[in-house]
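Chemist: Provided below are the primary sequence and the corresponding predicted coordinates.
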Amino acid sequence: MTIFTTLFIILMCIAAYHHIGYPLLLKCVASKKQKPSKQTVFDDNYTPNIAVLMCAYNEQQHIAEKLYNLASLVYDTHHYSIHVYFDGCTDKSYQQALKAQQVLHKQGVQCYFHHRDENQGKVQGLNTLMGMAKYHNDILLFTDVSALLSIDALNKVAKQFSDPQVAISTGVYTLDENAPDAQKAYWQYQNQVKKSESNLGAVIGVPGAMFAMRAEYANELEKNTINDDFVLSMKALSKGGKAIVDEDVVIYERECDEQSEDYKRRVRLGAGNWQQIKALLLLLNPRLGWTCMNFFSHKVLRGVMPIILACIYACVFIEAIVTQSVWSQLIATGILSLHTLQAVKTIFAFKRRIPIVDKVNYILNSYFLALWGIIRYEQGYFDTPWQRVKSASKAQTKSVIKVIKRSLDIAGALFALSLVWPVCLIAALTIKLTSKGPIIFKQLRVGESSDDFVELFYVYKFRSMVVDAESRSGAVWASKDDPRITAVGRFMRKTRIDELPQLINVLKGEMSLIGPRPERPVFYGKLEKDIPYFCQRTYGVKPGISGLAQVMNGYDETIDDARSKIGWDYAYSLSMSSPRAWAKLEFSIVVKTLQVVFTGKGQ
């Protein structure tokens, strides 16, 4: 048994415990807790003062209906108030709310607005609202503008908090019927886990759409907090109180995210899960009992699961390529088939559902997006104010595509190496036997660029020219009948076999399977002078082994050739603003590349 096999077994056991073992353990233990020797006695006469706190940013579509919903709650209007923080809204949210406020005041409902011209972020809004409300109320209820509450929600909250041990209370989060099936399945699973945790008085994580807490437990959040609802509620639990789910309280989410928008949210949640592990280490105190156990099993493992999943993939593909064990090859084939099927469905917009495949792919994609969130968090990308998912910039969409693209690059490069290593071996032997010099030729190229940095790296290729081909001529482009190209090299260039060592560049993260051609630095100055914005072709995009320009134009021989390729490179870059457009173009480039390889149309 190799070290990778051992590691694979350990990691799979951890993943199985988190997804299957822990829910079963909860269900078993919680079923016994449902028959306590002494029932909790609720005080029906307990009427605490409740402050409903809500932050709004560009919510003109829902703000009025939300305020009417809060005004209709069955509770003494003298004992609850509504506070809305408008965080630099650029739409008509505030104007819509003002109209609704006039109606609420006529009904005797206390409704206060706190307006700020500049967007400072949700955390700033929550800190402001808590600072104003915690000393004048017994309970703080946090809710989202897009979520509607059942009419007796405040009465139910008051009843739960009549138990002095309760610190946090929430309800059952329910998605709109138009929400994607994968999201519904995810929240059905989460609700079941939370109900079991509730029987132990230790719910780990509450939906930001609605949760209530004792005002005395409300503490100011750090400015860079990502999952504000989780951190706020869990810090309250660190003091030893109980967190429960009231199954009679319905939280109805009206706003349904498209799949691509949900994926953007997963990136941020991944970063937040990673951040909150560091921020809430005090919950790992064994004295907290089930709170400690549930926090580790539910949230700590959830936070590190993207890294565990990536390691599982790595173990499988390394075993499949290096040792070629049957079990690893079967699993690797299954993984590739699963992702390929989902990619085909996405590219061709197939609506037909494959329940098991769709659910598994949703979970896997969510974890890999969360991994990207962890990476971005460590790079400091989550220090900007909040914004609605649907108003996220195209740069965020491109970031999601980049993490998917990088995952495909790694999987594709490993898979390709497992298939073409015999071809590489034959090519290496042929080069060695037919001409003098090294088998592998490396050359400095320009990689991905950004505002502050341009990457330089050595590209690896099978040598297709004579040794010291540029010793007399200097750096020049290769031509179709270039005398420097060897006989073997000519065949390799036609079939693109000479490009195969670049799979190593892909695994190193210097290149992608698909992208603009990596140009030589020696040509960059001249090309930038003769072709405006030439350098922008690799802005935020890694160069590729193949690409749209390569399959449409072939190798560059002159500046005119390079100029004609610019349009193709820009077209590819623009496609990354839309997941579907990018996926279709990526697939078509792969097909055209294979046509070039098998028909020998390369140069």
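Modeler: That came in fine, so what should we check first?

Chemist: right, and residue 502 touches residue 458 too?
Modeler: No. Counting by C-beta atoms under 8 Å, no contact exists between residue 502 and residue 458, whose distance comes to 10.7 Å. In short, each C-beta sits where N, CA and C put it, glycine included.

Chemist: Show me which of these two is the more surrounded one.
Modeler: Here residue 502 and residue 458 are compared on neighbour count by other C-beta atoms under 10 Å; more neighbours surround residue 502, at 24 against 12.

Chemist: What's the separation between the more buried one and residue 424?
Modeler: Taking C-beta to C-beta, to the nearest Å as the measure, residue 502 and residue 424 are separated by 11 Å.

Chemist: Equivalent analysis for residue 68, please.
Modeler: Here the criterion is C-beta to C-beta. By it, residue 68 lies 68 Å from residue 424.

Chemist: Spell out the residue ranges of the helices in the stretch 301-450 of the chain.
Modeler: Secondary structure of the stretch 301-450 of the chain by DSSP state H, counting those that start in this stretch: the helices cover 301-322, 326-347, 355-378, 394-434.

Chemist: who wins for proximity to residue 183 among those?
Modeler: Between residue 183 and these, the shortest separation by C-beta to C-beta is 7.9 Å, and it involves helix 355-378.

Chemist: same question for that closest one, mean pLDDT?
Modeler: In this model, helix 355-378 has an average pLDDT of 86.

Chemist: so what's residue 208 closest to, chain neighbours aside?
Modeler: Across the structure, with C-beta to C-beta, 6 or more residues apart in numbering as the measure, the residue nearest residue 208 apart from its sequence neighbours is residue 229 (3.6 Å).

Chemist: Assess the claim that the one you found and residue 211 are in contact.
Modeler: Yes. A contact is recorded between residue 229 and residue 211 when judged using C-beta under 8 Å, the distance being 6.5 Å.

Chemist: which residues do these two both contact?
Modeler: Residues touching both residue 229 and residue 211 comprise residue 142, with contact defined as C-beta atoms under 8 Å, 6 or more residues apart in numbering.

Chemist: what about the two, which has more around it?
Modeler: The residue with the greater number of neighbours, taking residue 229 and residue 211 and applying other C-beta under 10 Å, is residue 211; the counts read 26 against 21.

Chemist: and the more buried one, what does it touch?
Modeler: With contact taken as C-beta under 8 Å, 6+ apart, residue 211 is in contact with 141-142, 168-170, 229, 233.

Chemist: try 7 Å
Modeler: Residues in contact with residue 211, defined by C-beta atoms under 7 Å, 6 or more residues apart in numbering, are 142, 168-170, 229, 233.

Chemist: Then it would be within a helix, right?
Modeler: No. With the criterion set as DSSP: H, G, I helix; E, B strand; the rest coil, the secondary structure at residue 211 is strand rather than a helix.

Chemist: where's it relative to residue 127, distance?
Modeler: Taken as C-beta to C-beta, the spacing of residue 211 relative to residue 127 amounts to 17 Å.

Chemist: Tell me the pLDDT of residue 514.
Modeler: Each residue has a pLDDT score; the one for residue 514 is 91.

Chemist: distance of residue 348 from residue 28?
Modeler: Going from residue 348 to residue 28 by C-beta to C-beta gives 44 Å.

Chemist: My error: substitute residue 331 in the last question.
Modeler: Using C-beta to C-beta, which is the criterion applied here, residue 331 is 30 Å from residue 28.

Chemist: which one of these two has more residues nearby?
Modeler: Ranked by neighbour count (other C-beta under 10 Å), residue 331 and residue 28 place residue 331 first, with 19 against 10.

Chemist: list the contacts for the closest residue to the more buried one other than its chain neighbours?
Modeler: Excluding the flanking residues, the one nearest residue 331 by C-beta to C-beta, 6+ apart is residue 316, at 5.0 Å. Residues in contact with residue 316, defined by C-beta under 7 Å, 6+ apart, are 8, 328, 331-332, 335.

Chemist: Out of those, flag the one nearest to residue 462.
Modeler: The shortest separation between residue 462 and any of the contacts of residue 316 is 26.0 Å, and it belongs to residue 332 (by C-beta to C-beta).

Chemist: Residue 336 contacts residue 415, doesn't it?
Modeler: Yes. The pair residue 336 / residue 415 is scored as a contact, 6.2 Å apart, by C-beta atoms under 7 Å.

Chemist: Residue 219: neighbour count?
Modeler: Counted by other C-beta under 10 Å, the residues lying close to residue 219 total 12.

Chemist: Then residue 138?
Modeler: By other C-beta under 10 Å, 17 other residues sit near residue 138.

Chemist: got it, and residue 220?
Modeler: The burial count for residue 220: 13, using other C-beta under 10 Å.

Chemist: tell me the contacts of it?
Modeler: Residues counted as contacts of residue 220 (C-beta under 7 Å, 6+ apart) are residue 127.

Chemist: Give me the three-state assignment for it.
Modeler: Classified using three-state DSSP, residue 220 is coil.

Chemist: if I pick residue 275, what's in contact with it?
Modeler: Applying C-beta under 7 Å, 6+ apart, we find residue 275 in contact with 226, 377.

Chemist: what are the ranges of the strands in the stretch 51-200 of the chain?
Modeler: With DSSP state E, counting those that start in this stretch as the definition, the stretch 51-200 of the chain shows strands at residue ranges 80-87, 110-116, 139-143, 147-149, 166-175.
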